[in-house]
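> Got a predicted structure here, sequence first:
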Amino acid sequence: MQQVKSEKRRRRRGVILTSDGLERLKQAKSEAEYLDNRGNRYTLEALSERTELGVDTLMKVFACESGVDKQTLKMCFKAFNLDLQANDYYKPPLNPPSIPDNCLPIEIELPEGQVPLNSEFYIERDSIESDCYQAILKPGALIRLKAPRKRGKTSLMMRILNQAHKHGYYTVSLSLQLADKALLQDLDKFLQWFCANVSLGIKLPNRTVDYWDDLFGSKISCKIYFEEYILEQLKQPLVLGIDDVDLLFQYPELADDFFGLLRAWHEEGKNRGIWKKLRLIVVHSSEVHIPLNVNHSPFNVGLPIELPLLTLAQVEDLAGRYDLDLSSEETTQLINLVGGNPYLVRLGLYHIAREDLTLEELLTTSLQSPDHIYYHHLQWQLLNLQQQNPDLLEALKKVVLSDTKVELDLLQAFKLQSLGLVELQGDHVTSSCLLYQKYFEETL
């Protein structure tokens, strides 16, 4: 009897998402993040609340490695207004045949967000990675990563942190997108939030209450917290990656104080042993367009890294990793369309490799068609502009409808550049690629 029960347990293996089902779910999740979550990615906890499924269950669903019951998938899909279809899942065999490791195909991952550390599809750009890996090992290091959205800043930041981790360093990554708006309007609360998150990242209890002193003020209290609590307890250096710092440009007073603090810590690292332990990576999409005291700014010190677009050789290399045999002419056509944008290039190659479409179909399908692989990305860019500032949409309209280079208000130009929509050439602005030029020309 016991043997029968055990056999039944082994047979309850559940179902697993197919690649098509996973892609549908991820696409719907991305759209919900853009529309319902201000473009921020959902945490596992937020997904759990939305789907009414446990975090462990959600991890199984998205990992596609072990089975879950069909009702779980239905709940997950329903949370994003999708109906579970027959081709969205499959039932794994009881005893799958073993396949030699050297015969396993490379998994073609859906391009979204940070490129995983173990991904076959991350392209290193000349000496940028090696320069960053060397710089972060220097006492008091500060690296500034700058590039428009979806150019690979976070992917590079995580690789620098991983390299530091290999040397035994403590590492913490923190996106300022996670800070509530109320925090961004109160320096005292923001710095306590900042300290608490760094503590959490290195598994130390939050003790801001013990170190915060109204007499000294927020900045001195924050400095004391790092110096006497965090850095004092660490035997190895701490590398702190701060992503999306240009979010603070909307709050100039807070930005001036916080950036001044980072600059002061960097300067301390030149002279005092305890501050040599702190290494900073500051990541931003836009040029600094708020007034900062030149002696208090972290944006004119350290190692500046501006991520370039992918070159022809790099796109050819990437196409080879997708097992695609594109000619130089075909690769050039793809680059002409998307301008060497790493995310857009990968998305195109991903769908071509999956045989969802051909390069010719990618180049000729209407950008207004919901079937176009860039449709949802373009829709998000439009929606983002409409929600940010109508004047910004009008500024872009001037660019795409003009036959020549145009001049824009500098702040508008910086904001459009941070979205990857335009390129700055001196005082003039042009569309960053044919994809955006054609879409917004038709739309506007």
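Yep, that arrived. Numbers count the residues shown, from 1 in each chain.

> Which helix or which strand is home to Phe121?
For Phe121, there is no helix or strand it lies in under DSSP states H and E.

> Am I right that it is in contact with Leu110?
No - the pair Phe121 / Leu110 is not scored as a contact, 10.6 Å apart, by Cβ atoms under 8 Å. Where C-beta positions appear, they are placed from N, C-alpha and C, glycine not excepted.

> for the stretch 201-350 of the chain, what are the low-confidence residue spans?
The model of the stretch 201-350 of the chain has pLDDT under 70 over residues 290-291, 294.

> mind listing the helices for it?
According to DSSP state H, counting those that start in this stretch, the stretch 201-350 of the chain carries its helices in the segments 208-211, 218-224, 231-233, 252-268, 273-276, 312-321, 328-338, 342-353.

> Relative to Pro139, which of those is closest?
helix 273-276 (3.5 Å; Cβ to Cβ).

> And for that closest one, what's in contact with it?
Helix 273-276 is contacted from outside by 139-140, 227, 231-232, 237, 265, 268-269, using Cβ atoms under 8 Å, 6 or more residues apart in numbering.

> Flag every buried residue along that helix.
Along helix 273-276, these residues count as buried under the neighbour rule (16 or more other Cβ atoms under 10 Å): 275-276.

> Just the CA trace of it, in CSV.
Provided in CSV are the C-alpha atoms of helix 273-276 (Å, rounded to 0.1, in the frame of the first residue of the first chain):
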residue,chain,number,x,y,z
GLY,A,273,41.7,54.1,5.9
ILE,A,274,38.1,53.3,6.9
TRP,A,275,36.7,55.1,3.9
LYS,A,276,39.1,53.4,1.5
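
> and that helix, how far from the chain's centre?
30 Å (Cα atoms, centre = their mean, to the nearest Å).

> average model confidence for stretch 112-125?
For stretch 112-125, the mean per-residue pLDDT is 88.

> Can you get me the start-to-end distance on that stretch?
19 Å (Cα to Cα, to the nearest Å).

> Test my guess that Gly54 contacts Leu47.
No - Gly54 is not in contact with Leu47 according to Cβ under 8 Å; the separation is 10.4 Å.

> Share the number of residues neighbouring Glu441, please.
Neighbour count for Glu441, taken as other Cβ atoms under 10 Å: 14.

> per-residue confidence for it?
92.

> Would you enumerate the residues in contact with it?
Residues counted as contacts of Glu441 (Cβ under 8 Å, 6+ apart) are 400-401.

> Looks to me like it is in a helix.
Yes - Glu441 sits within a helix when classified using DSSP: H, G, I helix; E, B strand; the rest coil.

> Could you check which of Gly54 and Leu47 is surrounded by more residues?
Per other Cβ under 10 Å, whichever of Gly54 and Leu47 has more neighbours is Leu47, with 21 against 12.

> for the more buried one, what are its contacts?
The contact partners of Leu47, taken as Cβ under 8 Å, 6+ apart, are 29, 53, 55, 58.

> where's it, which helix or strand?
If you go by DSSP H and E, Leu47 is part of helix 44-51.

> Determine how far that helix lies from the middle of the whole chain.
Remark: helix 44-51 is offset 19 Å from the chain centroid, using Cα atoms, centre = their mean.

> cool, and stretch 423-434?
With Cα atoms, centre = their mean as the basis, stretch 423-434 stands 24 Å off its chain's centre.

> Next, the buried residues of that stretch.
Of the residues in stretch 423-434, those with enough neighbours to count as buried (16+ other Cβ under 10 Å) are 423-424, 429-433.

> Check stretch 133-141 too.
Within stretch 133-141, the residues scored as buried using 16+ other Cβ under 10 Å are 133, 135-136, 140-141.

> Among the residues you listed, give me the pair with the biggest separation.
Tyr133 and Gly140 (16.6 Å).

> Do I have it right that Gln236 meets Lys166?
No - applying Cβ under 8 Å, one finds Gln236 not in contact with Lys166, separated by 11.8 Å.

> can you pull out the strands in this structure?
For the chain, the strands defined by DSSP state E occupy 16-17, 89-90, 142-146, 170-175, 238-243, 278-284, 303-306, 422-425, 428-431.

> Out of those, which gets nearest to Pro252?
Of all the strands of the chain, it is strand 278-284 that lies closest to Pro252, at 14.8 Å by Cβ to Cβ.

> Each with direction, which strands does the closest one pair with?
Applying DSSP bridges, strand 278-284 is found paired with strand 142-146 (parallel), strand 238-243 (parallel).

> want to throw these into CSV with mean neighbour count?
Output for the strands paired with strand 278-284, formatted as CSV (neighbours: other Cβ atoms under 10 Å):
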stretch, mean neighbour count
strand 142-146, 22
strand 238-243, 24
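
> And the ones you listed: which comes nearest Leu183?
Closest of these to Leu183 is strand 238-243, at 14.5 Å (criterion: Cβ to Cβ).

> what angle do that closest one and helix 252-268 make?
Strand 238-243 runs at 150 degrees relative to helix 252-268, counting by axes from the mean of the first three to the mean of the last three Cα atoms, to 10 degrees.

> Strand 238-243: how far from the chain's middle?
Per Cα atoms, centre = their mean, the centroid offset for strand 238-243 relative to its chain is 15 Å.

> now what about it, what contacts it?
Applying Cβ under 8 Å, 6+ apart, the contact partners of strand 238-243 are 136, 153-154, 157-158, 160-161, 164, 169-177, 198, 202, 230-231, 262, 277-283.

> With stretch 401-414 instead?
For stretch 401-414, contacts defined as Cβ under 8 Å, 6+ apart pick out 286-287, 289, 391-392, 395, 398-399, 416, 422, 424-425, 427-430, 441, 444.
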